[in-house]
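Asks: quick check, what structure comes out for this input:
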Amino acid sequence: MNEKIEAKLAALRQAYTEHLPEKIKEISQLWGDVKLNFNKDNFYEFHRAVHSLAGSAGTYGYSQLSQACRDLDVYLQQLRDYSTLNAIQQSEIAHLVECIKDTWPQVESIPIELVMPEKIISKLIFYLGAKKDKFHRELHENLMHLGYELILFQTCEALRKEMEQQLPGVIMLDEHYLDEQGLIDFLDKRPSQISLLCLATKNNLDIRLKAIRAGVSFFIQKPIEIFHLTNQLVQLCDLATREDYRILILDDSETLATYYSLVLEEANMNVRSITSPYELMHELQDFKPNLLLLDLYLPECTGFDIAKIIRQEESYVSLPIIFISTENDRIKQLSILNSCGADDFLTKPVLPQNLISAVKSRAQRSALLNSYIALDSLTKLLNHTYILKQLSFEILRAQRFNQPIAVAMIDLDYFKQINDQYGHPVGDLVLKKMADMFLSRVRKTDFVGRYGGEEFAIIFPNTTPEMALKLCLELCKKVAKNDFYIGGYGFNITLSIGIAHYPIFKTTEDLVAAADRALYKAKVNGRNRVEIEAAK
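Replies: All right, here's what the predicted structure looks like:
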């Protein structure tokens, strides 16, 4: 575990321990208030304090205290609609409150140290295949030109030894290796984000079942279209090494929210936590999370209600939602999930590695599904529809914060000649290579999309025309100086770029049209240049 994170978690636990007597005393006092003056508000505050301690105590190692609070929590839930408490009910509550006092300060466990996933090498692919042949050579060449390394193994033992030294983003194997049970058992221990892809000559139920039981994530039948396989491997490799999942946490307990944040940040996730549901819609718009971790019982409402509200918003229909709660009735959990469209349920206390695994697997799966919807299948850039949606969103943000936006429309000069002379498969690799170059040259805050054909679009948020011009001129020079060697052919490419900016052009349609006019000027004025549409 990272020493800084470990120190922070230890400090959190120490602070929690120091405040525990106050929390237990508060529960006792709130129960006294309920006995003296029973009303909905008093009862709610009392129940709220018990429920909160039931959730947090187990996380910090006080499992008996957590269970005692849980017993009282369950009993209080049965009394929520009562207008008064009889003597038997008061006696039972008093007994359960005393049980809570009696468990302190017993500690049965401490938070489990994180078992972090092994480091996966970016852009590395292992192929367990029979021999080096034309298929292997073509695949190796295609991947190499895109910056990916393909290593061929002809024995299971060779693959095992290499994986002891380094881990790939994807493992690909031929179908007959599915019968190697020793290998399958070994691969079953790989980090979950490494995809296993099977190449097979058959496509019947028996072979598909064998593949699924061996942990195969993707199945491709021979004969294989080499360019399709190249794109598939690149996409899976990128997903495996992705570490920037944005996770939003809503939990009314700041102590728990901070704990979950530290655990997930240690797993290289980008985390933001809030404690009030009133902050949620703003954070969804601003942070754009890949997953929401949601407490089921909140002060103002339930996580169940929040999930239903989120699912009413078209933009968040596919957002993964994981509930986290002391609720351990599986039937009730499934009923809640089915009723509000949430995806999973974690029961407090949650072991750190279980939290990481559940969150990462859901976020990764969601990213893969969304990529099919939002990304261009060839270049993996935003597609035409989504780059325009993103531009509309950035305009709204710019209006709110009074910031400029620049939009660049980019066209590959004489690209048709490449397709005509070398064929469309080579042209496709050129487009993929250009997409990678664009992504490597822009800032993390920028958005790149394939607008159509050989035309691309870049959105530069909070960027003046002068800044955008500088960035685009550098991009033009970089591409023009680059020698392309793809599919055995060598050639050069230049770009024509047109720029328009907000607030001179205030709508999505006006910005795109203005950038297109500037692009046309760049073409007319000799290509391999950048033009700005400065006025309407």
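Asks: please name the nearest non-neighbouring residue to Thr439.
Replies: Residue 439: Leu, not Thr. Nearest residue to Leu439, sequence neighbours excluded (Cβ to Cβ, 6 or more residues apart in numbering): Val448, at 5.9 Å. C-beta coordinates here come from the backbone N, C-alpha and C atoms, glycine included.
Asks: shaky segments in the chain?
Replies: 1-5, 104-118, 130, 242-243, 371, 487, 536 (pLDDT under 70).
Asks: show me how it divides into domains.
Replies: 1-103, 124-240, 254-372, 384-532 (the TED database).
Asks: okay, these in TSV with distance to Leu248 next?
Replies: Shown next, in TSV, are the domains of the chain (distance: least, Cβ to Cβ, whole Å):
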stretch	distance to Leu248
domain 1-103	18
domain 124-240	20
domain 254-372	4
domain 384-532	17
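Asks: in CSV, list the ones you listed along with mean neighbour count.
Replies: Converted to CSV, the domains of the chain look like this (neighbours: other Cβ atoms under 10 Å):
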stretch, mean neighbour count
domain 1-103, 17
domain 124-240, 17
domain 254-372, 18
domain 384-532, 18
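Asks: just checking, what packs against whichever strand or helix holds Ala257?
Replies: According to DSSP states H and E, Ala257 maps onto helix 254-266. Judged by 3 or more Cβ pairs under 8 Å, 6 or more residues apart in numbering; DSSP states H and E, helix 254-266 is in contact with helix 3-36, helix 40-59, strand 246-250, strand 270-274, helix 352-374.
Asks: relative to Val216, which of the ones you listed is closest?
Replies: With Cβ to Cβ as the criterion, Val216 lies closest to helix 352-374 of the helices and strands packed on helix 254-266, at 15.3 Å.
Asks: please state the offset of the closest one from the chain centre?
Replies: 5 Å (Cα atoms, centre = their mean, to the nearest Å).
Asks: just to revisit the earlier point, and the residue nearest to Leu439, what are its bridge partners?
Replies: Beta-bridge pairing of Val448 under DSSP bridges involves Ile458.
Asks: could you number the chain from 28 rather than 1 from now on?
Replies: Okay, using 28 as the starting number, the last item reads as Val475.
Asks: the stretch 378-527 of the chain: helices as residue ranges?
Replies: Along the stretch 378-527 of the chain, counting by DSSP state H, counting those that start in this stretch, helices occupy 379-401, 411-428, 442-449, 451-468, 492-508.
Asks: CSV for these, including distance to Asp371?
Replies: Converted to CSV, the helices of the stretch 378-527 of the chain look like this (distance: least, Cβ to Cβ, whole Å):
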stretch, distance to Asp371
helix 379-401, 6
helix 411-428, 26
helix 442-449, 45
helix 451-468, 32
helix 492-508, 41
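Asks: excluding chain neighbours, what is closest to Asn489?
Replies: Gln430 (4.5 Å).
Asks: still on that earlier bit, is the residue nearest to Leu466 in contact with Arg468, as I believe?
Replies: No: applying Cβ atoms under 8 Å as the test, Val475 and Arg468 come out as separate, 9.4 Å apart.
Asks: between the helices of the stretch 378-527 of the chain, which one is nearest to Lys159?
Replies: helix 451-468 (21.3 Å).
Asks: hey, what's the angle from the closest one to helix 442-449? Just curious.
Replies: 140 degrees (axes from the mean of the first three to the mean of the last three Cα atoms, to 10 degrees).
Asks: name the helices or strands packed onto helix 451-468?
Replies: In terms of contacts (3+ Cβ pairs under 8 Å, 6+ apart), helix 451-468 is packed against helix 161-172, helix 253-267, strand 432-439, helix 442-449, strand 474-479, strand 482-488, helix 492-508, strand 511-513.
Asks: please repeat the previous calculation with a cut-off of 7 Å.
Replies: Applying 3 or more Cβ pairs under 7 Å, 6 or more residues apart in numbering; DSSP states H and E, one finds that helix 451-468 contacts helix 161-172, helix 442-449, strand 474-479, helix 492-508, strand 511-513.
Asks: next one: stretch 403-423 to chain centre, how far?
Replies: On Cα atoms, centre = their mean, the centre of stretch 403-423 falls 18 Å from that of its chain.
Asks: next: stretch 273-293.
Replies: 15 Å.
Asks: contacts for it, please.
Replies: Outside stretch 273-293, the residues that touch it by Cβ atoms under 7 Å, 6 or more residues apart in numbering are 28-29, 32, 35-36, 39, 43, 79, 82-83, 86, 141, 143, 296-302, 304, 307, 310, 314-322, 325-326, 379, 382-383, 386, 390.
Asks: follow-up on the earlier one: of all the helices and strands packed on helix 451-468, which one is nearest Ile400?
Replies: Across those, closest to Ile400 is strand 474-479 (Cβ to Cβ), at 13.6 Å.
Asks: the closest one to strand 482-488, inter-axis angle?
Replies: Going by the same axes, to 10 degrees, strand 474-479 is angled at 150 degrees with respect to strand 482-488.
Asks: show me what strand 474-479 is packed against.
Replies: So strand 474-479, by 3+ Cβ pairs under 7 Å, 6+ apart, packs with helix 411-428, helix 451-468, strand 482-488.
Asks: what does that strand contact?
Replies: 403, 406, 408-411, 413-414, 417, 436, 462, 465-466, 469, 483-486.
Asks: any idea which of the helices and strands packed on strand 474-479 gets closest to Lys229?
Replies: Nearest of those (Cβ to Cβ): helix 451-468, 26.5 Å.
Asks: which residues does the closest one contact?
Replies: By Cβ under 7 Å, 6+ apart, helix 451-468 touches 169, 172-174, 254, 405-408, 439, 442, 445-446, 475, 477, 481, 483, 485, 502, 505-506, 511, 513-514, 516, 520.
Asks: also stretch 506-514?
Replies: With Cβ under 7 Å, 6+ apart as the criterion, stretch 506-514 contacts 172, 449, 452-453, 456-457, 460, 464, 517-522, 555.
Asks: repeat the analysis, applying 8 Å as the threshold.
Replies: For stretch 506-514, the external contacting residues (Cβ atoms under 8 Å, 6 or more residues apart in numbering) are 168-169, 172, 449-450, 452-453, 456-457, 460-461, 464, 517-522, 555.
Asks: off-centre distance for that stretch?
Replies: With Cα atoms, centre = their mean as the basis, the mean position of stretch 506-514 lies at 33 Å from the chain mean.
Asks: repeat for stretch 257-267
Replies: Distance, centroid of stretch 257-267 to centroid of chain: 16 Å (Cα atoms, centre = their mean).
Asks: state the distance from Ser362 to Phe372.
Replies: Distance from Ser362 to Phe372, counting by Cβ to Cβ, to the nearest Å: 11 Å.
Asks: one step back: is it possible to get TSV of the helices and strands packed on helix 451-468 that adds distance to Cys126?
Replies: TSV is the format used below for the helices and strands packed on helix 451-468 (distance: least, Cβ to Cβ, whole Å):
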stretch	distance to Cys126
helix 161-172	62
helix 442-449	75
strand 474-479	56
helix 492-508	64
strand 511-513	72
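Asks: Arg235 is nearest to which of the ones you listed?
Replies: Comparing those by Cβ to Cβ, helix 161-172 comes nearest, at 21.9 Å.
Asks: surely Pro431 meets Ile486?
Replies: No: look at Pro431 against Ile486 with Cβ under 8 Å: they stay out of range, at 11.8 Å.
Asks: the helices in the stretch 78-227 of the chain, which residues?
Replies: Counting by DSSP H, counting those that start in this stretch, the helices of the stretch 78-227 of the chain are 90-104, 114-130, 161-172, 183-190, 208-214.
Asks: so for Val344, which of those sits nearest?
Replies: helix 90-104 (30.6 Å).
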